[in-house]
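Colleague: Structure here, sequence nowhere to be found:
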């Protein structure tokens, strides 16, 4: 079952990568892409369907195998996404670009495997939900503001990180709902950070540095979820030098991607 779980998770990563590449291709080159505009583009909608399929396969894989096997397979989406995006833009990814993506993936796998498993039920109080939304909102606004004065690669990274923070908040709220912290307004609140995250991500894609934005998203999303888990849910954090080394790898790989991934526009 473990081998099957790994294969399903890997296929899910491929679907997620394809969806992200398709959505970036449609958003790239537009000044301020809006969801209403993108929703009228069949290829962008196909990308969304592919992402949902990848997420569904990831959930199936988690039901069949251990987290330590399934989660690293999810990181492979970055290695799949770069060649797919490059092909859509009519080019081949460079060796330096793929090497940088490999460094990011290695760092992410290290971080995923080093996070201690949570024990016991998850409970998030109403005050915790308000704190979650406030912290994620303030952080995302600050990152968005910083993107205004950044270089194109920096702008893509900051906007995608803003999206990742909001997605991490959404994932934390979803976990609380699934584990029993049920409240009707929790359910009503959840689409707010999710939609804002989607908008921020499309703006990151519009800049054109797909590798940078996709890597930043993959780093920010789980790290935010881990931070909120420790801050609001009392979950343990990894300790020692190994997490620092893994974080340094992801940072170095993302910086290298910013230097090697070309600026891509659809038109």
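Modeller: Sure thing, it's come through. As the structure is a computational prediction, the values presented were derived from the model and not from experiment.
Colleague: contacts, neighbours, all on C-alpha from now
Modeller: Noted.
Colleague: pLDDT weak spots in the stretch 51-200 of the chain?
Modeller: The model of the stretch 51-200 of the chain has pLDDT under 70 over residues 66-69, 71, 117-122, 179-182.
Colleague: at 80 what do you get?
Modeller: Scanning the stretch 51-200 of the chain for pLDDT under 80 picks out 62-76, 110-124, 175-186.
Colleague: now what about stretch 7-21, what contacts it?
Modeller: Contacts with stretch 7-21, where a contact means C-alpha atoms under 8 Å, 6 or more residues apart in numbering, come from 46-58, 60-61, 70-71, 73-78, 80-82, 84-85, 88, 210, 214.
Colleague: Stretch 54-69 too?
Modeller: With C-alpha under 8 Å, 6+ apart as the test, stretch 54-69 has contacts from 1-6, 8-9, 11-16, 70, 74, 112-113.
Colleague: sorry, back to before: show me which of the contacts of stretch 7-21 are buried.
Modeller: Buried members of those, counted by 16 or more other C-alpha atoms under 10 Å: 47-48, 50-55, 57-58, 60-61, 70-71, 73-78, 80-82, 84-85, 210, 214.
Colleague: Do a quick rundown of the helices in this structure.
Modeller: Here the chain has its helices, by DSSP state H, at 2-27, 35-38, 42-64, 67-75, 77-88, 95-114, 126-147, 152-178, 184-189, 191-207, 210-233, 242-260.
Colleague: Buried deepest among those, which one?
Modeller: Comparing the helices of the chain by mean neighbour count (mean count of other C-alpha atoms under 10 Å), helix 152-178 ranks first with a mean of 26.
Colleague: And that one, what does it pack against?
Modeller: Contact here means 3 or more C-alpha pairs under 8 Å, 6 or more residues apart in numbering; DSSP states H and E; on that basis helix 152-178 packs against helix 126-147, helix 184-189, helix 191-207, helix 210-233.
Colleague: Output these in JSON lines, with distance to residue 22 appended to each entry.
Modeller: Formatted as JSON lines, the helices and strands packed on helix 152-178 follow (distance: least, C-alpha to C-alpha, whole Å):
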{"stretch": "helix 126-147", "distance to residue 22": "23"}
{"stretch": "helix 184-189", "distance to residue 22": "28"}
{"stretch": "helix 191-207", "distance to residue 22": "10"}
{"stretch": "helix 210-233", "distance to residue 22": "11"}
